[in-house]
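Engineer: The following comprises the amino acid sequence and a computationally predicted model.
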Amino acid sequence: MNSPKLYVVPIQLSDESVLDPLLMYLTHVFHLKTEILHKELDLAKAYNAERDQFYSSVILADIIENPPADAFRLLGVMGFDLYIPVLTYLFGEAQFKGLGALISIFRLRNEFYKRPHDAQLFQERLLKEAVHELGHTYGLVHCTYPGCVMNSSTYIEDVDEKLVTFCSSCRQVVEEGGKV
């Protein structure tokens, strides 16, 4: 059997090259071969015209449907805004101790907040949110250790305050993590 892989699923991204540093970093953090996987998803059923957003849970369910046999984890990276009914927006969603996670880059760019373009800051935010949501798939909850990537992120300032790495306790859980 092939080695287990972490697949990154691009969804409505105008420029997939933003994923290149992400693939390298995820390989380093999770010690898994990381590859792009293109999937046909029915985004129309997740779109809410009144909100002009996409319901993340519906997309996440589509991402994990019929995964490749060697898929250890699947991470969707979406270009549009996400929501769940109880929140105005969210940066991402994951299955707790599950196969899949989903993040949106929509609110990770400085331009969304009427601030100057900052490619490095955008990449840092992308890495943080991807690692954070994948952390949930390993069974990690929101961490209270200062700076841990598993800190909760309600606002972009919360994302900026945390590090791109796990604290030692969260890292241990990931290191011990097994197949779903």
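Structural biologist: Now that the structure is in, tell me what you want to look at.

Engineer: Please name the bridge partners of R73.
Structural biologist: L6 (DSSP bridges).

Engineer: before we move on, what about the one 5 residues further on?
Structural biologist: Each beta-bridge partner of M78 is listed here, defined by DSSP bridges: I11, S104.

Engineer: how close does it sit to P4?
Structural biologist: 24 Å (CB to CB, to the nearest Å). Using the backbone N, CA and C atoms, a C-beta is placed for each residue, glycine as well.

Engineer: Over to F96?
Structural biologist: Counting by CB to CB, the gap from F96 to P4 is 19 Å.

Engineer: ok, the two, which is more surrounded?
Structural biologist: Set F96 next to P4 and count neighbours by other CB atoms under 10 Å: P4 wins out with 14 against 10.

Engineer: Assess the claim that that one and T34 are in contact.
Structural biologist: No: using CB atoms under 8 Å, P4 is not in contact with T34; the gap is 10.8 Å.

Engineer: what helices or strands is the longest helix that the chain contains leaning on?
Structural biologist: When the chain is parsed with DSSP state H, its longest helix is helix 119-137. Under the contact criterion of 3 or more CB pairs under 8 Å, 6 or more residues apart in numbering; DSSP states H and E, helix 119-137 touches helix 20-30, strand 71-78, strand 92-94, strand 100-104, helix 156-161.

Engineer: Give me whichever of these is most buried.
Structural biologist: strand 100-104 (a mean of 27; mean count of other CB atoms under 10 Å).

Engineer: contacts for that one?
Structural biologist: Identification of contacts with strand 100-104 by CB atoms under 8 Å, 6 or more residues apart in numbering yields 56, 59-60, 63-64, 73-82, 90-95, 126, 129-130, 133-134, 136-137.

Engineer: let's see 6 Å
Structural biologist: Outside of strand 100-104, the residues within contact range by CB atoms under 6 Å, 6 or more residues apart in numbering are 56, 59-60, 63-64, 74-78, 82, 92-94, 129-130, 133-134, 137.

Engineer: How about stretch 134-147?
Structural biologist: With contacts defined as CB under 6 Å, 6+ apart, stretch 134-147 is touched by 73, 94, 96-98, 101, 150-152, 162-163, 167, 170, 173-174, 177.

Engineer: Buried only: go through those for me.
Structural biologist: 73, 94, 98, 101, 150-151, 162, 167, 170, 173-174, 177 (16 or more other CB atoms under 10 Å).

Engineer: Among the residues you listed, which one lies nearest to L23?
Structural biologist: R73 (12.9 Å; CB to CB).

Engineer: any idea how far K5 is from that closest one?
Structural biologist: R73 is 8 Å from K5, by CB to CB.

Engineer: Equivalent analysis for L13, please.
Structural biologist: The value you get for L13 to K5, if CB to CB is used, is 20 Å.
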